[in-house]
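only geometry, no sequence info:
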């Protein structure tokens with residue numbers, strides 16, 4: 001049986017931190033506020049995977065306590081993938097979209113896809129990362145933060 005999962009995350013900018021998206025440090029832009037490394041793309045993917053596997057959500061599996069303070073979201077993805085496998089699930093593919101007015105992310109897409117794929121134990125061909133803007137609309141358009149949405153396919157064995 002196949003299951004689809006949908007994940008979403010959004011964080012405000014925090015200029016005291018580096019910007020991490022899909023496990024990649026993006027130079028020249030403020031980072032994001034959050035308990036772990038605030039990687040909205042990895043968080044959206046992890047939440048989608050947890051939903052598809054019926055394993056709860058990101059806040060339940062990775063609560064905002066000291067264990068996860070400053071944690072790498074690629075590590076969170078790896079733990080999520082293991083939990084899915086332990087529950088008889090196989091990840092089919094991942095499609096993620098970063099929603100940001102800036103910075104431009106096209107130069108980093110392949111690196112983000114490769115890092116996410118490695119963390120999940122997938123071939124890079126099964127991970128697609130895209131970016132879009134809001135054409136200046138809303139909190140993202142005003143430069144207040146970045147969001148991400150992800151959809152995944154998981155097969156239950």
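It's in. For clarity, every value in this text was computed on a predicted model and none was experimentally measured.

What ranges does the chain have for its strands?
Secondary structure of the chain, counting by DSSP state E: strands at 2-21, 24-32, 89-99, 127-132, 145-156.

which of the ones you listed is buried the deepest?
When the strands of the chain are scored by mean count of other Cβ atoms under 10 Å, the highest mean neighbour count falls to strand 145-156 (a mean of 22). In short, each C-beta sits where N, CA and C put it, glycine included.

looking at this structure, which helix or strand does the model trust least?
helix 58-61 (a mean of 89; mean pLDDT, DSSP states H and E).

what residues does that one touch?
Helix 58-61 is contacted from outside by 7, 9, 43, 46, 47, 50, 55, 76, 79, 80, 83, using Cβ atoms under 8 Å, 6 or more residues apart in numbering.

Next, count neighbours for the third one.
When you say that, I think you mean residue 43. For residue 43, the count of nearby residues is 27 (other Cβ atoms under 10 Å).

What residues does it make contact with?
Taking Cβ under 8 Å, 6+ apart, we find residue 43 in contact with 7, 9, 34, 36, 58, 73, 76, 148.

could I get the contacts of helix 58-61 as JSON lines with pLDDT?
As requested, these are arranged in JSON lines below (pLDDT from 0 to 100):
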{"residue": "7", "pLDDT": "98"}
{"residue": "9", "pLDDT": "96"}
{"residue": "43", "pLDDT": "96"}
{"residue": "46", "pLDDT": "97"}
{"residue": "47", "pLDDT": "97"}
{"residue": "50", "pLDDT": "97"}
{"residue": "55", "pLDDT": "96"}
{"residue": "76", "pLDDT": "94"}
{"residue": "79", "pLDDT": "96"}
{"residue": "80", "pLDDT": "97"}
{"residue": "83", "pLDDT": "97"}
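
How much space separates the most centrally placed residue in the chain from residue 7?
In the chain, the residue lying closest to the centroid (Cα atoms, centre = their mean) is residue 42, at 1.7 Å. Distance of residue 42 to residue 7, given as Cβ to Cβ, to the nearest Å: 10 Å.

do residue 69 as well
21 Å.

same check, this time on residue 34
Going from residue 34 to residue 7 by Cβ to Cβ gives 15 Å.

now swap in residue 128 and tell me
Taking Cβ to Cβ as the measure, residue 128 falls 14 Å from residue 7.

And residue 112, by the same measure?
15 Å.

ok, residue 100 - how many residues close by?
Count around residue 100 with other Cβ under 10 Å applied: 25.
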